[in-house]
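1. Any chance you could fold what I've pasted below:
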Amino acid sequence: MAWNHLQKSRPNGNLDALITFFASTVAHLPEVKLDKLIYIAHLYHYATVGELLTPIRFFSLAFGPHAPTIRIAVKALLGGQAISMAASRTSSDPVYSNPCLIVKAGAPMAAGLASSQLRSLQEVLQEWGDQPYERILDFTTRTVPYLSTPYREPIDWAASPPCRELKRTLSLAQRAAIHQFVGQPQAPFEYSEFSRQAGLLSVSEVAEIYLALAGGRPESLPDREHLGFDRQAVSRALTGSGEKRRSEPNEYPDEIDEAAQIADALFSGLCFRNLSARVALTAGMLFLKKRGYVFDGDVLESQWPPGHSHKIFKEWFWKVGVKVDTAPKSC
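-> As a prediction, this is how the structure comes out:
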């Protein structure tokens, strides 16, 4: 990836400019929030432009993505008096408040920032600058680059093609619906329109299925033991749906065939360190559930498929799922 000429003499590229930008524009900026805002800025810029703002490395840690280099840069800027630390409290009541230090700066350091980079920073500022740290933490720990990176490993941005979908995560309501479906696939399914327009599942949805099967909760941070999966294989499994149907006869409804293709590709790719088979079948079931299919109980426990192949999965989905008419009745 090409970097501008200023980064040749500055190993961390425009990191100083990013720090002073947020320090001068965000009213209440503890260092932990600064860390996450800079991660979001990298995510947004990569998703939109296909380039990284700086060459610093983010790691997948227990409390979200973290770049140790940011703290080093903050200390250096403090020494040079480009920024300062000010005491603050999280409550106006001195008895119950928790004192903390917030990062302050007089003016942003825009040298070396291109117009596209400034647009990305402004977008992050507008969407996240005044949000509480807890909400920012929830967002960053549900982003695909973080979830797909094993604990304590550096995030490989190139493993995900740049697209605006990287900037989207499942809401708590959407996550709760997926967790409920995993536990009770026969129950009514209430879900928003996320990813329906593409006609497929999203990588975020498949990842949430895995977290639910692993025992996580929709409102909790992902367990460090469950971080990491092959996001390229998951993406191929989802975007490749429909290719086989076009090339070979299909005696089943198109939706059944597509669900089988998704499950077969996820299973064959062994995308997750464990539970890959359950994730694959549950993903196919969720694909069908969103299209009006119902299931009689926990079919994964009572009617596990007799093998694993595209043909077997088609037969199994056809056997365990029944489509109901969800269209409005005419008078």
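
2. Show me what the lengthiest helix in the chain is packed up against.
-> Secondary structure of the chain read by DSSP state H shows that its longest helix is helix 31-49. Helix 31-49 is packed against helix 15-25, strand 64-66, helix 68-79, strand 99-104, helix 115-128, helix 133-140, with contacts defined by 3 or more CB pairs under 8 Å, 6 or more residues apart in numbering; DSSP states H and E. (Each C-beta comes from the backbone N, C-alpha and C, glycine too.)

3. CA atoms only for that helix, dumped as CSV, please.
-> Taking Å, rounded to 0.1, in the frame of the first residue of the first chain, the C-alpha atoms of helix 31-49 are listed here in CSV:
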residue,chain,number,x,y,z
GLU,A,31,-7.4,8.0,26.3
VAL,A,32,-9.4,4.7,26.0
LYS,A,33,-12.0,6.5,23.9
LEU,A,34,-9.3,8.1,21.8
ASP,A,35,-7.9,4.7,21.1
LYS,A,36,-11.2,3.4,19.8
LEU,A,37,-12.0,6.6,17.8
ILE,A,38,-8.7,6.2,15.9
TYR,A,39,-9.6,2.5,15.2
ILE,A,40,-13.0,3.6,13.9
ALA,A,41,-11.3,6.2,11.7
HIS,A,42,-9.0,3.6,10.2
LEU,A,43,-12.1,1.3,9.6
TYR,A,44,-14.1,4.0,8.0
HIS,A,45,-11.3,5.2,5.7
TYR,A,46,-10.4,1.7,4.7
ALA,A,47,-14.0,0.8,4.0
THR,A,48,-14.6,3.9,1.9
VAL,A,49,-11.2,4.5,0.2
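
4. Return the set of buried residues in it.
-> 33-48 (16 or more other CB atoms under 10 Å).

5. With mean neighbour count, distance to Gln174 and mean pLDDT as added columns, please give the helices and strands packed on helix 31-49 in a markdown table.
-> Shown next, in a markdown table, are these (neighbours: other CB atoms under 10 Å; distance: least, CB to CB, whole Å; pLDDT from 0 to 100):
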| stretch | mean neighbour count | distance to Gln174 | mean pLDDT |
| --- | --- | --- | --- |
| helix 15-25 | 23 | 28 | 94 |
| strand 64-66 | 22 | 19 | 98 |
| helix 68-79 | 16 | 30 | 94 |
| strand 99-104 | 16 | 32 | 81 |
| helix 115-128 | 17 | 18 | 97 |
| helix 133-140 | 17 | 13 | 97 |
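
6. can I get the ones you listed in CSV with distance to Gly228?
-> Listed next are the helices and strands packed on helix 31-49 as CSV, based on distance: least, CB to CB, whole Å:
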stretch, distance to Gly228
helix 15-25, 26
strand 64-66, 13
helix 68-79, 20
strand 99-104, 31
helix 115-128, 25
helix 133-140, 16
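
7. wait, which of the buried residues of helix 31-49 is closest to Pro132?
-> If you rank the buried residues of helix 31-49 by distance to Pro132 using CB to CB, Lys33 comes first, at 8.7 Å.

8. Test for you: state the pLDDT assigned to the nearest residue to Glu219 once chain neighbours are set aside.
-> Nearest-residue entry for Glu219: Leu172, 6.1 Å, with adjacent residues in sequence omitted and distances by CB to CB, 6 or more residues apart in numbering. Leu172 carries a pLDDT value of 94.

9. Count the residues that sit near Leu172.
-> Residues near Leu172, counting by other CB atoms under 10 Å, number 12.

10. wait, it sits on Pro218?
-> Yes. Using CB atoms under 8 Å, Leu172 is in contact with Pro218, at 6.1 Å.

11. which residues are in contact with both of these two?
-> Counting by CB atoms under 8 Å, 6 or more residues apart in numbering, Leu172 and Pro218 have no common neighbour.

12. need the contact list for the residue nearest to Glu219.
-> With CB under 8 Å, 6+ apart, Leu172 has these contacts: 138, 218-219.

13. Phi and psi next, for it.
-> Here is the backbone geometry of Leu172 (degrees, to the nearest 10): phi -60, psi -40.

14. what's the distance between it and Asp138?
-> 8 Å (CB to CB, to the nearest Å).
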